[in-house]
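Q: structure here, sequence nowhere to be found:
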């Protein structure tokens, strides 16, 4: 059991780390009007739904911290946002059946909107240079749409990973 | 202590959530407004290794795909240039042919003015099988004023020469019996010595003519290469049209005349444009 937990945790962190790196490099090639999808967020939603709130918040914190290291906002900015999102999504674990299309889109859209709101709030509280417009402007809504678009595909691909299937069948938190 | 431990175990989720939020907030508080800080530098340095690798892979793929695309484009351009080159080569060839044709026509025009008769320019459209170039078909007929037994001449390398005579004429074409045909007889004369004779073709597979009935005494005055022209006797061919050049002389002791073999002025293998002379009409 411990072995499986370690494997799932390691794999999830690896996926999230890779997603952050990809976002800063390769995803530029698929950007729509310079807007890239938040692949890390989509994976975080999936991982949190599979592993629960406890691991979800750790995963969110780790992924956010990596993102903080390589982006402009101060340390803790993305870590805080993604911790909250990982925790909230994790609370929904086992609450309902996740279909291949509708729920991934809804959850990812809600998560992206929450991310924007949190970012906006943090920018105000900590007087960061990023304004509310940056998070809730046209660019942000394109990102919401892009995330919604890739969510079903990302969920379908991640569902192919055996470890997550076993996790889903057995249920419970890591 | 035991109660605290129990509380933490029971509310593990909430406790860790609060802890992580606190850590994040503290980080934010300490690093807000400070971009260039040591932990960020270290983290950035570490992440840059993976970023560089990912970008390298992306660039490799991108350059490979671009190379393939460029190669395809280059190949397509090459095909287009090849097609253009073929077209230009064809145009150049046609241009050369056209220039040669203009030159030939100019020569013919000059010649028609020279002979002093009316002339009908015509083009060789066929050579009848059987004897080698025995009969030649031209593209002019009665509609153009062509009649039976009209002399036909042509130009070759700046020289005019006798081709033959029309023997059958239709509305739009006529057939010429060339002087090479063994049925052809032309009253001729040596241009320099003025001795007369009859020139006729040697027929199948020969591109030479024979001049007969030349007086034996002429042997003293003739040379190889001398030009033989029409004499004008018999009224069919006008006088002074070159026929050929002497290539060999045959003289037998028991005969009173000599026989000359002639090389025609005209190269019948390359005959394209001719003039049909209307001797009834002065030019």
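A: Done, it's in. Bear in mind that the values here come from a model prediction, so they are computed numbers and not experimental data.

Q: quick one: residue B:210 is in a strand?
A: Yes - counting by DSSP: H, G, I helix; E, B strand; the rest coil, residue B:210 is located in a strand.

Q: quick check: next helix or strand after the helix or strand hosting residue B:101?
A: Element membership of residue B:101 [criterion: DSSP states H and E] is helix B:38-115. As assigned by DSSP H and E, the chain's next helix or strand after helix B:38-115 is strand B:117-127.

Q: what does that next one contact?
A: B:105, B:108-109, B:112, B:133, B:135-140, B:144-146, B:152, B:173-174, B:238, B:271-283 (Cβ atoms under 8 Å, 6 or more residues apart in numbering or on different chains). Backbone N, C-alpha and C define where each C-beta goes, glycine included.

Q: following that strand, which helix or strand shows up next?
A: strand B:136-138.

Q: for chain A, what spans make up the strands?
A: Along chain A, counting by DSSP state E, no stretch forms strands.

Q: how about the residues of it by chain B?
A: Taking Cβ under 8 Å from any Cβ of the partner chain as the contact definition, chain A meets chain B at A:17, A:20-22, A:24-26, A:29, A:53-54, A:57-58, A:61, A:64-66, A:68-70, A:72, A:74-77, A:79-80, A:83-84, A:87, A:122, A:126-128.

Q: now, which of those lie within helices?
A: A:17, A:20-22, A:24, A:53-54, A:57-58, A:61, A:64-66, A:68-70, A:77, A:79-80, A:83-84, A:87, A:122 (DSSP state H).

Q: among those, which ones are buried?
A: A:17, A:20-22, A:24, A:53-54, A:57-58, A:61, A:64-66, A:68-70, A:77, A:79-80, A:83-84, A:87, A:122 (16 or more other Cβ atoms under 10 Å in any protein chain shown).

Q: list the contacts for the closest residue to chain A within the stretch 151-283 of chain B?
A: In the stretch 151-283 of chain B, the residue that lies nearest chain A is residue B:272 (66.3 Å; Cβ to the nearest Cβ). Contacts for residue B:272 (Cβ under 8 Å, 6+ apart) come out as B:101, B:104, B:123, B:124.

Q: and those as TSV, adding neighbour count?
A: Output for these, formatted as TSV (neighbours: other Cβ atoms under 10 Å in any protein chain shown):
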residue	neighbour count
B:101	13
B:104	15
B:123	13
B:124	19
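
Q: in CSV: these, plus pLDDT.
A: Below are those laid out as CSV (pLDDT from 0 to 100):
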residue, pLDDT
B:101, 80
B:104, 73
B:123, 87
B:124, 86
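
Q: just those residues now: which is nearest chain A?
A: For the contacts of residue B:272, the nearest to chain A is residue B:101 (61.6 Å; Cβ to the nearest Cβ).

Q: and the closest one, how far from residue B:273?
A: With distances taken as Cβ to Cβ, to the nearest Å, residue B:101 is found 8 Å from residue B:273.

Q: just to revisit the earlier point, quick one: the helix holding residue B:101 near chain A?
A: Yes - counting by Cβ under 8 Å from any Cβ, chain A has neighbours in helix B:38-115: B:39-40, B:42-44, B:46-48, B:50-51, B:54-55, B:57-58, B:62.

Q: low-confidence stretches in chain A?
A: Per-residue confidence of chain A (counting by pLDDT under 70) places the weak regions at A:1-2, A:129-136, A:167-174.

Q: tell me where the stretch 151-283 of chain B has helices.
A: Assigned by DSSP state H, counting those that start in this stretch, the stretch 151-283 of chain B shows no helices.

Q: state the number of residues packed around residue B:103.
A: 11 (other Cβ atoms under 10 Å in any protein chain shown).

Q: what sits closest to the spatially most central residue of chain A if chain neighbours are left out?
A: Centroid-nearest residue in chain A: residue A:41, 1.9 Å away (criterion: Cα atoms, centre = their mean). Leaving aside its sequence neighbours, residue A:41 sits nearest to residue A:111 (Cβ to Cβ, 6 or more residues apart in numbering or on different chains; 5.8 Å).

Q: could you give the number of residues near the one you found?
A: 24.

Q: ok so, going back, quick one: the residue of the stretch 151-283 of chain B closest to chain A from residue B:103, how far?
A: From residue B:272 to residue B:103 the distance is 11 Å (Cβ to Cβ).

Q: likewise residue B:207?
A: For residue B:207, the distance to residue B:103 - Cβ to Cβ - is 24 Å.

Q: now which of the contacts of strand B:117-127 would you call buried?
A: Among those, the ones that count as buried by 16+ other Cβ under 10 Å are B:108, B:112, B:133, B:135-138, B:140, B:144, B:146, B:152, B:173-174, B:238, B:271, B:273-279.

Q: return the helix or strand in chain B with minimum mean pLDDT.
A: strand B:273-282 (a mean of 80; mean pLDDT, DSSP states H and E).

Q: hmm, who's touching that one?
A: B:101, B:104-105, B:108, B:111-112, B:115-124, B:138, B:140, B:145-147, B:150-155, B:163, B:166, B:174, B:176, B:235, B:238.

Q: go with 7 Å
A: B:104-105, B:108, B:111-112, B:115-124, B:138, B:140, B:145-146, B:150-154, B:163, B:166, B:238 (Cβ atoms under 7 Å, 6 or more residues apart in numbering or on different chains).

Q: run through chain B and note the low-pLDDT ranges.
A: Ranges of chain B meeting pLDDT under 70: B:35-36, B:111-112, B:114-115, B:128-133, B:204-205, B:281-283.
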